[in-house]
Every structure is written in structure tokens, then in C-alpha cells.
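>>> Return a 3D structure for these sequence lines:
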Amino acid sequence: MVTGTLPCRVASCLLWLLVALALSPPVAHAGQVRVNVGSGGNTFSPYAANINAGDHVVWVWISGDHTVTNWTLDDGCVPCPDDSVNFEIDGTIFDSDAGGPHFGQNGARFSWKSDRTGPIPYVCAPHINLMSGRVIAAPLALPPTVPVADFRITEVLFNDPLAKDLIEIANLGQAAGNLGRFRIAVLGTGTGVELAFNNSPVASQERVTIHTNESGTNDATNIFLPGLGDLGDGAGSVALYVPYSLTPGNALTNANMMIDFVQWGAGGQPNEGTADLAGFWSPGTSINDVAVGHSIEYCEDSPYIHGVNQWREIAPPNFGTTGHCTTPTRSESWGRLKIIYRQ
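The predicted structure follows:
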């Protein structure tokens with residue numbers, strides 16, 4: 001066996017490669033499709049939810065006492081809704097009645113992050129012969145083959161001199177979506193603050209601004225959440241979650257329910273661990289040294305890449321637009337990289 005040492009130049013290249021891999025932003029896909037439950041009677045609308053593997057199906061109860069429970073084929077069981085085959089209620093893939101009995105009532109929220117492909121039939125257990133639906137998951141490709149909504153955090157003003165901080169949510173997906181009942185979290189406890197926003201669909205590439213510490217009337221592009229309060233001038237984070245009201249799955253530690261995350265000032269901010277598990281953020285990284293009154297904006301190399309390297313400092317803030325995305329938040333020095341990654 002031949003042993004030896006690498007030339008200094010080669011060793012340096014390898015070290016930089018390892019650092020580059022450590023700094024590579026997480027890649028994660030998490031689109032969303034909404035299904036209304038009980039809208040117009042014993043129905044799921046739409047009946048068929050077409051998604052990509054890794055997307056969320058979001059069920060929001062409009063009326064009635066219903067469940068969302070997957071079923072499987074079975075010989076000699078009860079007839080399915082169209083009486084053509086036999087099936088049995090399964091619930092091993094998803095089941096809103098896990099918190100039962102009949103968890104789903106008016107205003108309930110339930111979400112499932114797909115972990116498989118193909119058709120997945122489901123029913124409402126109390127209305128087994130009347131109320132059925134389908135989730136049809138296509139294999140994930142980049143870009144996704146099935147157009148879906150993809151809500152993301154795209155701009156944050158956390159150090160406004162008047163303490164009127166702002167959060168922008170954009171639909172970066174290829175289809176319209178409904179932002180109603182999604183959850184914003186800036187603290188590490190609870191289940192997040194819900195967005196009571198059902199005025200109109202949010203079109204592809206459309207942006208909605210959330211006003212914290214400020215009251216007002218919600219409209220198609222503005223949501224007022226005075227109870228959310230100040231975001232934290234020195235350090236803080238914002239996390240975005242799909243709608244979910246079933247305990248304990250609605251906890252902020254449930255990585256399957258998170259769809260985006262950003263933090264500034266220092267690593268270890270609330271919900272960083274969940275963002276790491278979800279593949280949205282590398283732990284210990286943060287956006288630093290942002291001037292007072294400037295915002296930070298998501299500047300995508302690809303709409304499917306998350307992480308600190310995709311964010312830039314913006315002056316002046318440009319909420320409601322696609323932004324400037326020209327000035328890096330901070331250039332990384334080798335000494336700083338050694339501190340961040342303990343090299």
C-alpha cells in the first residue's frame with residue numbers, strides 16, 4: 001500500500017470543497033393543493049387532488065361532521081361508494097379521525113405530506129357510501145410535472161424603526177392556491193398564528209404582505225396580524241406551516257408540516273431544528289449585519305432551493321414586488337467560515 005500526503009494545493013481544494021458542500025443550501029420541494037371538505041354537501045372539492053411526491057394536500061372543513069381517511073381494496077368487505085369493488089377503511093396513510101371521534105368539523109384543518117406516488121383513494125368515515133375523494137401523486141421531477149401552489153417566505157423586515165415589521169409570502173408555484181389558515185411562527189412554542197385569509201385565490205407569482213404590530217383591514221394582498229408583534233431586531237426567525245389543527249401533529253416540531261424558514265442575527269433561533277429536519281435550513285447559519293430599515297429578500301437560484309445563501313439585504317424594502325436581489329447579505333471570509341463550521 002502506498003501512503004503519503006497530498007500537495008498543499010490539492011489539500012486546500014479538497015478543504016474548500018468540503019466547506020462548499022457544508023454551505024450548499026438545502027433542496028426541498030413542498031407544494032400545496034387545497035381540498036374543501038363539506039362544501040355544498042357531502043363532497044370533497046376538488047374530488048381528485050393531483051400533486052407531486054413531496055407536496056401537501058390541505059383539507060379545510062367548510063361544513064359538516066366528516067373525516068379524511070384513506071381506504072384499501074378488500075374482498076368481502078363493505079361496498080365502495082360506486083358499488084363496483086369492495087374496500088375497507090384503512091387510515092394507515094392518513095386519517096383525520098385519529099383524534100376522533102369524527103375529528104373534522106366546521107373550520108377544522110388537516111394536511112398530509114405525500115411520501116409515495118400513485119392514486120390514494122379516501123372517504124369520509126361517517127358517510128362512507130356518499131363521500132369519497134382521490135389523491136393522485138406523480139413522481140417528483142424538477143421542475144414538477146403537476147402544477148401546484150408553492151407558498152414561501154420571500155421578504156422580511158424585522159428591524160423597522162417604527163416597529164411595524166413585515167413578512168411577505170409569495171406563491172412561487174405554477175398554480176393558484178389558497179393561503180387561508182396557513183400558520184406563521186416567530187416563537188418556539190404553540191402552533192403558530194393562523195392566517196385568516198380567504199378572500200381570493202393567490203395566483204402564481206402573486207405576493208401577500210403580512211403586517212405585524214399593526215391593525216388594518218385584510219384584502220387580497222395584505223394581512224394584518226397585530227398579535228404577532230415585533231420580529232426581533234437583533235436575532236429572530238420566521239417559519240411557515242401548512243394548516244393543521246389536530247393535536248399533537250400541529251406542533252411546530254412536526255417537520256412534515258413546515259414549508260419554509262428563515263433566520264437572522266444568529267443560529268439557533270426558534271424552529272431551526274424543525275427547519276433542519278425538513279431540509280429548509282442548515283443549522284448554525286443566519287443572515288447577519290442587516291442595516292436598520294433594510295429588509296432581507298429571497299433571491300432564488302432555483303425555486304426549489306432554500307437556505308441562507310438564497311437571501312439578500314434589500315434597500316429600500318420592496319414588498320409586493322419581485323425585488324432587486326443584487327446585493328449579497330454578507331460575503332463569507334475564511335475566518336468566519338471556520339467560526340461557523342468549527343473548522
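>>> which residues of the stretch 51-200 of the chain score low on pLDDT?
Within the stretch 51-200 of the chain, the stretches with pLDDT under 70 are 73-90, 98-106, 198-199.
>>> And for A176, the neighbour number?
Neighbourhood size, A176 [other Cβ atoms under 10 Å]: 16. Bear in mind the C-beta positions are built from the backbone N, C-alpha and C, glycine included.
>>> right, I mislabeled it, should have said A163
A163: 13 neighbours (other Cβ under 10 Å).
>>> mind listing the strands for the stretch 151-300 of the chain?
Shown for the stretch 151-300 of the chain, the strands assigned by DSSP state E, counting those that start in this stretch span residues 151-157, 166-171, 183-185, 193-194, 207-212, 222-225, 236-241, 258-264, 295-298.
>>> Take these and write them to CSV, including mean neighbour count and distance to Y304.
As requested, these are exported to CSV (neighbours: other Cβ atoms under 10 Å; distance: least, Cβ to Cβ, whole Å):
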stretch, mean neighbour count, distance to Y304
strand 151-157, 24, 10
strand 166-171, 24, 14
strand 183-185, 22, 22
strand 193-194, 17, 26
strand 207-212, 22, 18
strand 222-225, 20, 25
strand 236-241, 26, 16
strand 258-264, 26, 12
strand 295-298, 24, 12
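>>> Quick one: closest of the ones you listed to V135.
Nearest of the strands of the stretch 151-300 of the chain to V135, taken as Cβ to Cβ: strand 258-264 at 17.6 Å.
>>> roughly how far is the closest one from the heart of the chain?
Taking the mean of its C-alpha atoms, strand 258-264 sits 8 Å from the chain's own mean (Cα atoms, centre = their mean, to the nearest Å).
>>> would you put the C-alpha positions of it in PDB?
The C-alpha trace of strand 258-264 is given here as PDB (Å, rounded to 0.1, in the frame of the first residue of the first chain):
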ATOM      1  CA  MET A 258     -43.300  23.100   7.800                       C
ATOM      2  CA  ILE A 259     -42.900  24.600   4.300                       C
ATOM      3  CA  ASP A 260     -40.300  27.400   4.800                       C
ATOM      4  CA  PHE A 261     -38.000  29.000   7.300                       C
ATOM      5  CA  VAL A 262     -35.600  32.000   7.600                       C
ATOM      6  CA  GLN A 263     -33.400  33.200  10.500                       C
ATOM      7  CA  TRP A 264     -31.200  36.200  11.100                       C
END
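>>> avg pLDDT for that strand?
Here strand 258-264 scores 97 as its mean pLDDT.
>>> other SSEs contacting that strand?
strand 151-157, strand 236-241, helix 272-278, strand 295-298 (3 or more Cβ pairs under 8 Å, 6 or more residues apart in numbering; DSSP states H and E).
>>> Relative to D289, which of the strands of the stretch 151-300 of the chain is closest?
From the strands of the stretch 151-300 of the chain, taking Cβ to Cβ, the stretch that ends up closest is strand 258-264, at 9.4 Å.
>>> Next, the angle strand 236-241 makes with the closest one.
170 degrees (axes from the mean of the first three to the mean of the last three Cα atoms, to 10 degrees).
>>> got a list of contacts for strand 258-264?
30, 32, 56, 151-153, 156, 158, 235-242, 252, 269, 271-272, 274-275, 278, 280-281, 286-288, 290, 296, 298, 306, 311 (Cβ atoms under 8 Å, 6 or more residues apart in numbering).
>>> Okay, the most centrally placed residue in the chain and P243: tell me how far apart.
A centroid search over the chain (Cα atoms, centre = their mean) returns I259, at 1.4 Å, as the residue closest to the centre. Remark: distance between I259 and P243 (Cβ to Cβ, to the nearest Å) = 11 Å.
>>> same deal with H56?
9 Å.
>>> what sits in contact with each of these two?
S111.
>>> wait, P161 sits on G293?
Yes: assessed by Cβ atoms under 8 Å, P161 is found in contact with G293 at 5.8 Å.
>>> Relative to G38, which of the strands of the stretch 151-300 of the chain is closest?
strand 193-194 (19.2 Å).
>>> Who are the packing partners of the closest one?
By 3+ Cβ pairs under 8 Å, 6+ apart, strand 193-194 packs against strand 183-185.
>>> Show me what the strand it packs on is packed up against.
strand 193-194, strand 236-241.
>>> Would you mind listing the outside residues contacting that strand?
167, 191-195, 210, 225, 228, 238-244, 252, 270-271.
>>> Repeat the analysis, applying 10 Å as the threshold.
109, 153, 167, 169, 190-195, 210, 212, 223, 225, 228, 237-245, 250, 252, 257-259, 261, 270-271, 274 (Cβ atoms under 10 Å, 6 or more residues apart in numbering).
>>> which residues in this structure form helices?
For the chain, the helices defined by DSSP state H cover 8-23, 272-278, 334-341.
>>> rank those by pLDDT, which is bottom?
Looking at those, the weakest mean confidence is helix 334-341, a mean of 30.
>>> Do I have it right that L187 meets D230?
No: with contact defined as Cβ atoms under 10 Å, L187 does not count as touching D230 (11.4 Å).
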